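> can you look at this prediction? I've put the sequence above it.
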Amino acid sequence: MLELKNICCGYGAFSAVHELSLRLRPGTITALLGANGAGKSSTLMCIAGHGELQAGQILFAGHDISAMPATQRVREGIAISPEGRRLFKDLSVEDNLRVGGMIHPVKGYAQDRERVLALFPRLGERLSSLAGNLSGGEQQMLAIGRALMTRPKLIMIDELSLGLMPKVIDQCYQALKLLRSEGMTVLLVEQNTERALAAADDVCVLESGATVWRGCAADARNDPSLTAAYLGLHSGA
């Protein structure tokens, strides 16, 4: 679905990611893990077309999208729920969803919205509320829902559980697993490494912008040296 070939990305003269290579298998969840400043968010923004690709290639569904503008990447099927959510806080929940669905004909809006509301029923109770008045959990649901309104083949979610109550985290992960069961590909950046490892199929660990480990999640869970050195988990976690 997505292949990164030795990408370097960053901002101006600064490189946040160095020669990262990664493949996402269709219909899987891949967790991109590492400490703060490891280059995780920069990677997602580069894939989405909002960060500078300094070297390497980005292939999506076999096509080179390295020079493709962000708006076209959305039309190709790449969506992002960014760090900080970046909602239109002065607009209602309904209008935020409409913004997400603007690239498609209006006649399909109702069906797309119902799909989002089936995943996150709480949003259905808050459609007329301003996004800025939602709880943190509701805002995260809306950010993911807005991304889903673009009908993506790949959805990228940055810091899924940050600042959320456990019940809301459970709901978000349940939604991701359902999306995966429907064939969607998910790239997840997450500080809650235990939850990420439990949900993911594949894992890539970054440190200071470079890959230090890549493989299946089961192997990551069972590698005490990895979990202790890079993921902040104790041996046997």
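Perfect, thanks for sending it.

> contacts only, for Arg73.
Ile47, Ala48, Gly49, Phe60, Ile65 (C-beta atoms under 8 Å, 6 or more residues apart in numbering). Where C-beta positions appear, they are placed from N, C-alpha and C, glycine not excepted.

> apart from its neighbours in sequence, what residue is nearest Asp158?
Setting aside the residues directly before and after it, Asp158 is nearest to Glu83 in space (C-beta to C-beta, 6 or more residues apart in numbering), at 4.0 Å.

> which SS state does that neighbour fall under?
Three-state assignment for Glu83 (DSSP: H, G, I helix; E, B strand; the rest coil): coil.

> hmm, back to that, show only the entries of the contacts of Arg73 found in strands.
The strands, defined by DSSP state E, take in Phe60 from those.

> hmm, the residue nearest to Asp158 is touching Glu159, no?
Yes - with contacts counted by C-beta atoms under 8 Å, Glu83 reaches Glu159, the gap being 5.1 Å.

> the lengthiest helix in the chain: how far from the chain's middle?
Longest helix of the chain, by residue count under DSSP state H: helix 166-181. Put simply, helix 166-181 sits 13 Å off its chain's centre (C-alpha atoms, centre = their mean, to the nearest Å).

> just the CA atoms of the helix or strand following it, as CSV, please.
Proceeding C-terminally, helix 166-181 gives way to strand 185-189 as the next helix or strand, assigned by DSSP states H and E. This file holds the C-alpha atoms of strand 185-189, laid out as CSV (Å, rounded to 0.1, in the frame of the first residue of the first chain):
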residue,chain,number,x,y,z
THR,A,185,-4.4,0.4,6.1
VAL,A,186,-3.4,2.3,9.3
LEU,A,187,-0.2,4.0,10.2
LEU,A,188,-0.2,4.9,13.9
VAL,A,189,2.1,7.1,16.0
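
> quick check: which helices or strands does strand 185-189 pack against?
strand 29-33, helix 40-48, strand 154-158, helix 166-181 (3 or more C-beta pairs under 8 Å, 6 or more residues apart in numbering; DSSP states H and E).

> return the most buried member of those.
Of all these, strand 29-33 carries the top mean neighbour count, a mean of 25, counting by mean count of other C-beta atoms under 10 Å.

> angle of that strand against helix 40-48?
Counting by axes from the mean of the first three to the mean of the last three C-alpha atoms, to 10 degrees, strand 29-33 points 130 degrees away from the direction of helix 40-48.

> what about the helices in this structure?
Along the chain, the segments classed as helices by DSSP H run 40-48, 70-76, 93-100, 109-119, 121-124, 136-148, 166-181, 193-199, 217-221, 224-229.

> mean confidence score for the longest one?
What that stands for is helix 166-181. Averaged over helix 166-181, pLDDT sits at 95.

> what is that helix packed up against?
So helix 166-181, by 3+ C-beta pairs under 8 Å, 6+ apart, packs with strand 29-33, helix 109-119, helix 136-148, strand 185-189, helix 193-199.
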